[in-house]
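**Q** 3D model of this:
(one chain, ligands or ions: 1)
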Amino acid sequence: MVKSIVRFAAFAAAIFLAFATFGSASAAETSKLPTARLVAGTSGIISKVDATSLANDWAKYYAPGLTYSHAFIKAGSQFTLTWIATDANQKPLANTSVTLQANKAYGSSNAHFASPCVAIGNFVDKNGADISGVTDANGRVSFVITNQDLVGEPSNTNVNQPNTSASKIYGQFSLQIGSLGDLQQSKEIVEIHVVGTASSTITPFCNGWVAPKANYAKWVSVTESKTSVARPTVIGHTVQKLLWSDEFSGKAATAPNSKVWTSRYCGTEPANGGGSYCNGDQYNIPAANKHDGSGRMKILTTKITSAPASYGNCMAAVCPYTSGRFDSQGKLSVQYGYVEARIKLPDGVGQNPAFWMLGDSITRVGWPTSGEIDIMEQPLIGDYQNAGSLHYSNTSGGCCDNHITFTRYFNHTQKLASAYHTFAIAWLPGKVEFFFDGELYGVQTREQSATNFWPFDAPEFLIFDNTTPGQKNQMFWKSSTMLIDYVRVWQLDQQGRVWSH
Ligand SMILES: [Ca+2]
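**A** Residues are numbered from 1 along each chain as shown. Reported below is the predicted structural model:
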């Protein structure tokens, strides 16, 4: 193998020192080192072949056990590199910080790669990128990368053997476990070869999401709920494990579970449940959200004639109602799955009850860039109608000229307040489907969204509320009740995650 190893030369002094202190591992110690290996056959990878026999020149710079492979992708494609990290006894390293060393200037790396949220340099600057990640419970971690080359190696390149042709278009990737150096772990260097000609290149998008552990140090991933409830049927999908639910079975007059929910006052700051807008219509008072003692959460909306004490403002001098809002911001977040709630809507003109979600990134990127999913929202003049909506942005920040709305309506034959109904989404990568009582009535995909800033591949938190923005001269009713029987998150088509404390 003839290859100029620019990066290695640059690190020669450091490596020498590391050898001096760490010592060169003997063959017997090879199996006693943490190991990072690429999992073959991950999304977008055409093939992966062992090329370790070509790595003799490099092996001396690494601990024993270095593996070197060639993998192949199509020019202008998006692909996923999934790695598994194991300890010295080959046990998966769960919840471990790792770094993808992406397209560093190994030799003459000449392909162009991009990541949604991290700029990856190329053969011009030789710097590549270090992309942080955290392994899951099985020691696995994935990185989505796009190739930006229009022309790769010839389309007749043999993708089942190491590539030694003259016309190489490639870049190299490896995974570093925690703060371990090249001599403290058994590494795999993967040379990604770009093959064929692309019709166009992909523009990567970034939703601004930072992994939960970076945002919420104590968060854990919920894998399965112990609650036993009926599994819903969702047309076109397979519903799997119940990941999490709140059945609202607390004692009468008790508040929502404070481990999951926060009852809000009015307030527009993003950290206040994503901004609890009141617009001069009602006071949000925590006392409005109570278990009814019969397995339901109740949001009570009450007409008032004077401002309630100690409940802050309502964005006006005096508002005509008190009502409630509670959400899971900073306590529980969901990404993908079948998200459903069974609700009996409040009766009375002028109300705007909702079951909805906001992207966790709202505190960093703001609305609408964070993304908003409205699973249940009754339009002001739609007693028989539910609106399912997505709100998102066509830029990376700011508000609100960049606001894009997708809405589909479900029209029922009865007033929605006259009975319980189930409102749900089937949420998958790049796609959200809206359901009313199990009936599909709206679909939006990333491809249809007319944005490079589709935010719905990131965790969102849950919100229930009722507001009273409507026709004030017709609102003679004294009180209303919104009853929520349950909210459940199911694993769907192998997708779905819930994070909580
Ligand atoms: Ca219940």
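**Q** can you name the farthest residue from the center of the protein?
**A** Farthest-out residue of the chain from its mean C-alpha position, per Cα atoms, centre = their mean: Thr305, at 44.0 Å.
**Q** tell me the secondary structure for that one?
**A** Under DSSP: H, G, I helix; E, B strand; the rest coil, Thr305 falls in the coil class.
**Q** Next up, identify which helix or strand whichever residue of the stretch 251-400 of the chain sits closest to the ion is on.
**A** Of all residues in the stretch 251-400 of the chain, Gly295 sits closest to the ion, at 3.5 Å by Cβ to the ion. Using the backbone N, CA and C atoms, a C-beta is placed for each residue, glycine as well. Here Gly295 is covered by no helix or strand, with elements defined by DSSP states H and E.
**Q** quick one, phi/psi of it?
**A** Main-chain torsions, Gly295, degrees, to the nearest 10: phi 90, psi 20.
**Q** Next: Ser333.
**A** Note on Ser333: its backbone torsions stand at phi -130, psi 160 [degrees, to the nearest 10].
**Q** and stretch 342-362, which residues are buried?
**A** The neighbour-count check on stretch 342-362 (16 or more other Cβ atoms under 10 Å) flags 342-346, 348-362 as buried.
**Q** In strands only, show me the residues you listed.
**A** Counting by DSSP state E, the part of the buried residues of stretch 342-362 found in strands is 342-344, 354-359.
**Q** can you give me the helices in the stretch 51-200 of the chain?
**A** Counting by DSSP state H, counting those that start in this stretch, one finds helices in the stretch 51-200 of the chain at the ranges 56-59.
**Q** Which stretches in it count as strands?
**A** Along the stretch 51-200 of the chain, the stretches classed as strands by DSSP state E, counting those that start in this stretch are 67-74, 78-86, 97-102, 113-114, 129-134, 140-147, 170-177, 188-195.
**Q** Taking strand 354-359 as reference, get the angle to the longest strand seen in the chain.
**A** As assigned by DSSP E, the longest strand anywhere in the chain is strand 479-492. Strand 479-492 and strand 354-359 are oriented at 50 degrees to each other (axes from the mean of the first three to the mean of the last three Cα atoms, to 10 degrees).
**Q** okay, strand 479-492 in CSV with CA atoms only?
**A** The C-alpha trace of strand 479-492 is given here as CSV (Å, rounded to 0.1, in the frame of the first residue of the first chain):
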residue,chain,number,x,y,z
SER,A,479,-67.5,26.6,33.5
SER,A,480,-66.2,23.8,31.4
THR,A,481,-64.4,20.5,32.0
MET,A,482,-61.8,18.9,29.8
LEU,A,483,-61.2,15.2,30.8
ILE,A,484,-58.1,13.3,29.8
ASP,A,485,-58.4,9.5,30.4
TYR,A,486,-54.8,8.7,29.4
VAL,A,487,-51.8,9.6,27.4
ARG,A,488,-49.7,6.7,26.0
VAL,A,489,-46.6,6.4,23.9
TRP,A,490,-46.2,3.1,22.0
GLN,A,491,-43.2,1.8,20.1
LEU,A,492,-44.2,1.7,16.5
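**Q** So which bits of the next helix or strand after that strand are buried?
**A** Once the chain leaves strand 479-492, the next helix or strand it forms, by DSSP H and E, is strand 497-500. Using 16+ other Cβ under 10 Å as the test for burial, strand 497-500 gives 497-500.
**Q** mind putting the residues you listed in TSV, distance to the ion included?
**A** Below are those laid out as TSV (distance: Cβ to the ion, whole Å):
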residue	distance to the ion
Arg497	23
Val498	18
Trp499	23
Ser500	19
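**Q** Can you add distance to Trp58 and pLDDT and give the residues you listed back as a markdown table?
**A** Shown next, in a markdown table, are these (distance: Cβ to Cβ, whole Å; pLDDT from 0 to 100):
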| residue | distance to Trp58 | pLDDT |
| --- | --- | --- |
| Arg497 | 37 | 89 |
| Val498 | 42 | 91 |
| Trp499 | 39 | 88 |
| Ser500 | 44 | 84 |
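**Q** What average pLDDT does stretch 322-334 get?
**A** What stretch 322-334 shows for mean pLDDT is 94.
**Q** where does the stretch 51-200 of the chain dip in pLDDT?
**A** 105-107, 117, 121-126 (pLDDT under 70).
**Q** Can you name the residue of it nearest the ion?
**A** Relative to the ion, the nearest point of the stretch 51-200 of the chain is Ala137 (29.7 Å; Cβ to the ion).
**Q** which parts of stretch 261-273 are buried?
**A** Under the neighbour-count criterion of 16+ other Cβ under 10 Å, stretch 261-273 has 261-267, 270, 272-273 buried.
**Q** outside of that stretch, which residues touch it?
**A** Here stretch 261-273 makes contact (Cβ atoms under 8 Å, 6 or more residues apart in numbering) with 246, 255-256, 275-278, 283-286, 288-289, 311-315, 324-331, 362-363, 366-367, 463.
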